[in-house]
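K.L.:
quick one, structure for this:
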Amino acid sequence: MDELQRGGAGELLEQGCDSVESIDGPDGVEVGIADTWVGGHPGGA
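P.N.:
Below you'll find the predicted structure:
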């Protein structure tokens, strides 16, 4: 992918991560998502 494609794919992934507020685990454990970072890299993900 070129730089523009990596940027677009990164934006889509970041929007998906931003939509997650928390994750429910076993035994009622809840993990809150405080921050996410998505970036493109010439070598891949």
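K.L.:
so where's the protein shaky on pLDDT?
P.N.:
For the chain, the stretches with pLDDT under 70 are 1, 3, 40-41, 44-45.
K.L.:
who's sitting farthest from the centroid in it?
P.N.:
Using Cα atoms, centre = their mean, the residue of the chain lying farthest from its centre is D27. It sits 25.2 Å away.
K.L.:
where does it land in three-state SS?
P.N.:
helix (DSSP: H, G, I helix; E, B strand; the rest coil).
K.L.:
if I look at it, how far off is D18?
P.N.:
Distance, D27 to D18, by Cβ to Cβ, to the nearest Å: 27 Å. Yep, even glycine has a C-beta here, placed from its N, CA and C like the rest.
K.L.:
element containing the closest residue to G39 other than its chain neighbours, please.
P.N.:
Counting by Cβ to Cβ, 6 or more residues apart in numbering, G39 lies nearest to G10, which is 6.0 Å off, once chain neighbours are set aside. Using DSSP states H and E, the element containing G10 is helix 3-18.
K.L.:
and that helix, what's buried?
P.N.:
6, 10 (16 or more other Cβ atoms under 10 Å).
K.L.:
how far is it from where the chain is centred?
P.N.:
Between the centre of helix 3-18 and the centre of its chain there are 8 Å (Cα atoms, centre = their mean, to the nearest Å).
K.L.:
let's see that helix as CSV, backbone CA atoms only.
P.N.:
Below are the C-alpha coordinates for helix 3-18, written out as CSV (Å, rounded to 0.1, in the frame of the first residue of the first chain):
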residue,chain,number,x,y,z
GLU,A,3,1.1,6.3,2.0
LEU,A,4,-2.4,7.4,1.2
GLN,A,5,-3.8,3.9,1.3
ARG,A,6,-2.1,3.3,4.7
GLY,A,7,-3.5,6.5,6.0
GLY,A,8,-7.0,5.6,4.9
ALA,A,9,-6.8,2.1,6.3
GLY,A,10,-5.4,3.5,9.6
GLU,A,11,-8.3,5.9,9.9
LEU,A,12,-10.8,3.1,9.4
LEU,A,13,-9.1,1.0,12.1
GLU,A,14,-8.9,4.0,14.5
GLN,A,15,-12.6,4.7,14.1
GLY,A,16,-13.3,1.0,14.9
CYS,A,17,-11.2,1.2,18.0
ASP,A,18,-12.8,4.4,19.1
